[in-house]
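K.L.:
Here you go, sequence then predicted model.
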Amino acid sequence: MSGGLVALLDDVAAIARLAAASIDDIGAAAGKASVKAIGVVVDDTAVAPTYVTGFSPDRELPIILQIARGSLRNKVVFILPAALLLSQFLPWSLTPLLMVGGAYLCFEGAEKVYEALSGGHEESRDPEVLSSAEHERKMVSGAIRTDFILSAEIMAISLAEVADEPFFSRALILVVVAVLITALVYGVVGVIVKMDDLGLRLARSGSGAARAFGRGLVKGMPVVMSALSVIGTAAMLWVGGHILIDGLNKLGVTGPAHLLHGWSLAAGHAVPALEGVLEWLVETLGSAVVGAAVGGLIVLILHLMPARRTAH
């Protein structure tokens, strides 16, 4: 009896060790997959703060929390099951679907540029409008919609890194990636949008150095938020363009990817001390140009051509 119990306990211990090892493996794989998606994570972090601009300070964190919940729902409820099933049964469909999402990002970025240049569809600065529940719902909905495309790219990159794992391991790894990246992105966004409040508190504190630092934060954060708005728009264009170039390359249209890669290598070799930076910069600018061209074409079709027909 006791021997059977010892054997049973040994089996339980062995299973526990195996489970622990599996958890470690899943954690390591999730970390590796997350690192591969870090470029899109940075872009997602740049885009997100623009959606709380103009809201009262007491609504900023609740709005970010709503967007974070929507982002996690995008990843776990919609994107993850679809990506796993498509990768299992229709792997060829992932690239065209991602390219459709990339084209949508290009359109959103180009539309923001068009509206900024034309002065059309400007958001009201009326405090009552900005604080209304309807405006909040609109901004949260727009943020979650944009996040869906960026989240799909993050999950697709992560999926590619763990494609050789068994189905259920893949699922667990991607769930971990979804939670980690969502917490990272919206945690950083929360810190960014509350820095001016921290600055106000420091500016009113007793320490002279703290007051000076606080005043600097208060003065600097509007500039940071304006810069993030520009970076967010640019991010839509360069991520969207990158998705399209990479998708074409996977579908056999290798010219744009090879040309851009050749330019980036040439730029890096020209200044060896800045090789990595220049290669990234050239690839990013090239992707942004493609994104602006594709997005501009879609804006032309959806905005300018209908307007001309109406005028005639």
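P.N.:
Structure received.
K.L.:
Please point out which parts of the helix or strand where residue 138 lies sit buried.
P.N.:
Taking DSSP states H and E as the definition, one finds residue 138 inside helix 133-161. Under the neighbour-count criterion of 16 or more other Cβ atoms under 10 Å, helix 133-161 has 135-136, 139-140, 143-144, 146-159, 161 buried. (C-beta placed from N, C-alpha, C; glycine too.)
K.L.:
Pull up the gap between residue 209 and residue 90, please.
P.N.:
For residue 209, the distance to residue 90 (Cβ to Cβ, to the nearest Å) stands at 60 Å.
K.L.:
I should have written residue 78 there, sorry.
P.N.:
17 Å.
K.L.:
Would you mind telling me which of those two has the busier surroundings?
P.N.:
residue 78 (14 against 10; other Cβ atoms under 10 Å).
K.L.:
what sits against that one?
P.N.:
By Cβ atoms under 8 Å, 6 or more residues apart in numbering, the residues touching residue 78 are residue 148.
K.L.:
do that again at 10 Å, thanks
P.N.:
148, 151, 152, 155 (Cβ atoms under 10 Å, 6 or more residues apart in numbering).
K.L.:
hmm, which two among the residues you listed are most spread apart?
P.N.:
148 and 155 (10.4 Å; Cβ to Cβ).
K.L.:
what sits in contact with each of the two?
P.N.:
Common contacts of residue 148 and residue 155 (Cβ under 10 Å, 6+ apart): 74, 75, 78, 79.
K.L.:
Format these as TSV; extra columns: secondary structure and pLDDT.
P.N.:
Output for these, formatted as TSV (DSSP: H, G, I helix; E, B strand; the rest coil; pLDDT from 0 to 100):
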residue	secondary structure	pLDDT
74	helix	93
75	helix	91
78	helix	93
79	helix	92
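K.L.:
For these, pick the one with the most neighbours.
P.N.:
residue 75 (25 neighbours).
K.L.:
Look up the closest residue to it, ignoring the ones flanking it.
P.N.:
residue 178 (3.8 Å; Cβ to Cβ, 6 or more residues apart in numbering).
K.L.:
and the one you found, what element?
P.N.:
Assigned by DSSP H and E, residue 178 falls in helix 167-193.
K.L.:
Now do that helix, average pLDDT.
P.N.:
Confidence over helix 167-193 (mean pLDDT, whole number) is 85.
K.L.:
Can you name the next helix or strand after it?
P.N.:
Beyond helix 167-193 in the direction of the C-terminus, DSSP H and E gives the next helix or strand as helix 195-203.
K.L.:
Identify all contacting residues around that following helix.
P.N.:
With Cβ under 10 Å, 6+ apart as the criterion, helix 195-203 contacts 57-58, 60-61, 191, 209-222, 224-225.
K.L.:
Also stretch 271-285?
P.N.:
By Cβ under 10 Å, 6+ apart, the residues outside stretch 271-285 that reach it are 39, 234-235, 237-239, 241-242, 245, 257, 260-270.
K.L.:
Can you list the buried residues in stretch 266-286?
P.N.:
Across stretch 266-286, burial judged by 16+ other Cβ under 10 Å covers 267, 268, 278, 279, 282, 283, 284, 285, 286.
K.L.:
should've said stretch 184-200
P.N.:
If you call a residue buried by 16+ other Cβ under 10 Å, then stretch 184-200 has these buried ones: 185, 186, 188, 189, 190, 192, 193, 195, 196, 197, 199.
K.L.:
Can I get it in CSV? Just the C-alpha atoms.
P.N.:
Output in CSV follows, covering the C-alpha atoms of stretch 184-200 (Å, rounded to 0.1, in the frame of the first residue of the first chain):
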residue,chain,number,x,y,z
LEU,A,184,2.8,46.6,-21.9
VAL,A,185,1.2,48.9,-24.5
TYR,A,186,-1.6,50.3,-22.4
GLY,A,187,0.5,50.4,-19.3
VAL,A,188,2.9,52.7,-21.1
VAL,A,189,0.1,54.7,-22.6
GLY,A,190,-1.4,55.2,-19.2
VAL,A,191,1.9,56.5,-17.9
ILE,A,192,2.3,58.8,-20.8
VAL,A,193,-1.1,60.5,-20.6
LYS,A,194,-0.8,61.0,-16.8
MET,A,195,2.6,62.5,-16.8
ASP,A,196,1.2,66.0,-16.9
ASP,A,197,-0.9,65.3,-13.8
LEU,A,198,2.2,64.0,-12.1
GLY,A,199,4.0,67.2,-13.2
LEU,A,200,1.2,69.3,-11.6
